[in-house]
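Engineer: what's the 3D shape of this:
(one chain, ligands or ions: 2)
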Amino acid sequence: MAAVAALPVSLSGRFKGSFAYFTIKDRLPQILTRVIDTLHRHKNEFFEEHGEKGVEAEKRAISFLSKLRNELQTDKPVTPLEDELPDAALWNQYLDYQRNLSNGNGEPSWFQSPWLYVECYMYRRIHAALAQNPPIDNFDVFKEGKAQNFFESQEAVIALCTYFQELLKNIKDLDEKQLQEELFKLLQVSLWGNKCDLSFSAGEDSSQKSSPLQSLENMIPYILVNDMEKLWSLLVNAKKRKTEKNNVRVDIILDNAGFELVSDLVLADFLLSSKLADEVHFHGKSIPWYVSDTTKHDFNWTIKQLQSANHMWMSRCGINWEGNLKKGVWVYRDHMFWTLPHDFSSMAEVAPDLYADLQKSNLLLFKGDLNYRKLTGDRKWEYTVPFHQALNKFHPAPLCSLRTLKSDTQAGLKPGQGEQIQASEPEWMVNGKYGVVQFDAAL
Ligand SMILES: O=P(O)(O)OC[C@@]1(O)O[C@H](CO)[C@@H](O)[C@@H]1O
Ligand SMILES: [Mn+2]
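Structural biologist: Ligands and ions are numbered 1, 2, ... in the order given. As a prediction, this is how the structure comes out:
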């Protein structure tokens, strides 16, 4: 058997003082407390809608969540899921897998196990708290926050939609160089749009306030790996090689709702309008996830909001996007795999249908920090390990991560690059100021 290079250790709360440690110790309990508050605040609404049954369900959900918070804060063993949701068996198998990994060093627990695992597990348990308790089983505890983030980004959304509609007016007359410039701009807006997530700020305001197009130039030095040129060549070559039968398909694995989602939709519209792509497939979450991640409801809600906005260019965007969905040139999909604890290196085995679907794409754009963590296994990589290697055999199609750094893992940097930034800015990996547009071609 060929020797397999050992993988570096997983980020984990067992490393005291690490970002994972502080997240588990402070941020996750804070998020749980907010969830409990949200349920409390909706008590009257539950009563009005469902009567006593609604209030009882709310109480059960709250007690389930308080118990969860206590388990977390006292580093209790991770317990098997007891619900009968379709993914429960896979979660419980994964717990067994973690038990085998810990090799007799105690049961998997909140602070001892890999951070990625326990953090995903928390969101899955939050989901269970609601899903198991009809009649409030469809209540998304993060919905309000996502909507608020969208409304607070209103000005930025207007600025972006206006810019984009102006661009569309003469997109046919743009030469290759100009098209490339516009693509690069919209890629950067989508990249920096990833600053606006709500789990990072434990639900505090993190909307886009300033014009998203204004300071792109100044932010170029903060893009630590910038493979935009590679994306351009890939798309231009695909366009040139195109025949009637083989459409160019780009997939966007979405991250946060709010401004980030709008920036992704604008990018997707640009890809079609410039004829760099013929179809865009969006992948969202099938359950509420990491506070601000996009579900099908958020996706449709956002497009509806734009459509009915009292602003000509905003509503023009919304109308066009609904049209794209109706025509089938935009497709929204979700898959259970995106909300499992597995990193993407096990997708081919755990979700072969999803892997096979992604293989049909010309380019996969993975948005955000969590997707980066799952792409690279959430491990302590040496900064200079090639991205291709960190992907650990996940190569369904050419792919690119658009991610602002909000967790302490990063691969594919130049020798000395990480150390140099570290010297002047110790928080560089977790403060969301830096980003990557990091590409890997499939093998
Ligand atoms: O994927 P996103 O939305 O960019 O970020 C998710 C995130 O906020 O969640 C984790 C903190 O709990 C961090 O790793 C990361 O910053
Ligand atoms: Mn997110």
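
Engineer: ok, residues contacting stretch 155-166?
Structural biologist: With C-beta atoms under 8 Å, 6 or more residues apart in numbering as the test, stretch 155-166 has contacts from 150, 186, 189, 207-213, 259, 262-263, 266, 269-270, 306, 311, 313-314, 316-317. Just so you know, the C-beta spots here come from the backbone N, C-alpha and C atoms, and that holds for glycine as well.

Engineer: Could you list the buried residues of it?
Structural biologist: Neighbour-count burial for stretch 155-166 flags Ala156, Val157, Ile158, Ala159, Leu160, Cys161, Thr162, Tyr163, Phe164, Gln165 (criterion: 16 or more other C-beta atoms under 10 Å).

Engineer: Of those residues, which is the nearest to Val329?
Structural biologist: Distance to Val329, by C-beta to C-beta, is smallest for Phe164 among the buried residues of stretch 155-166, at 16.9 Å.

Engineer: Which SSE is immediately downstream of the helix or strand containing that closest one?
Structural biologist: Assigned by DSSP states H and E, Phe164 belongs to helix 154-169. Next helix or strand after helix 154-169 toward the C-terminus (DSSP H and E): helix 176-193.

Engineer: Give me the angle between that following helix and helix 154-169.
Structural biologist: Counting by axes from the mean of the first three to the mean of the last three C-alpha atoms, to 10 degrees, helix 176-193 points 160 degrees away from the direction of helix 154-169.

Engineer: Compute the number of surrounding residues for Phe150.
Structural biologist: A count of nearby residues for Phe150, using other C-beta atoms under 10 Å, gives 23.

Engineer: for the record, mean pLDDT for the helix holding Phe164?
Structural biologist: Helix 154-169 shows a mean pLDDT of 96.

Engineer: What ranges does this protein have for its strands?
Structural biologist: Here the chain has its strands, by DSSP state E, at 223-226, 249-253, 279-284, 330-334, 363-367, 399-404, 435-440.

Engineer: just the buried members of the contacts of stretch 155-166?
Structural biologist: 150, 186, 189, 207-208, 211-213, 259, 262-263, 266, 269-270, 306, 313-314, 316-317.

Engineer: ok so, going back, columns mean pLDDT and distance to ligand 1 on top of the strands of the chain, output as JSON lines?
Structural biologist: Putting the strands of the chain into JSON lines (pLDDT from 0 to 100; distance: least, C-beta to the nearest ligand atom, whole Å) gives the following:
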{"stretch": "strand 223-226", "mean pLDDT": "98", "distance to ligand 1": "15"}
{"stretch": "strand 249-253", "mean pLDDT": "98", "distance to ligand 1": "11"}
{"stretch": "strand 279-284", "mean pLDDT": "98", "distance to ligand 1": "13"}
{"stretch": "strand 330-334", "mean pLDDT": "98", "distance to ligand 1": "16"}
{"stretch": "strand 363-367", "mean pLDDT": "98", "distance to ligand 1": "8"}
{"stretch": "strand 399-404", "mean pLDDT": "98", "distance to ligand 1": "7"}
{"stretch": "strand 435-440", "mean pLDDT": "98", "distance to ligand 1": "10"}
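
Engineer: Tell me which residues touch the residue nearest to Leu340 when sequence neighbours are not counted, please.
Structural biologist: Using C-beta to C-beta, 6 or more residues apart in numbering and skipping residues adjacent in sequence, the residue nearest Leu340 is Leu90, 6.0 Å away. For Leu90, the contact set (C-beta under 8 Å, 6+ apart) comprises Met336, Leu340, Val350.

Engineer: residue ranges with poor pLDDT in this protein?
Structural biologist: 1-5, 196-210, 244 (pLDDT under 70).
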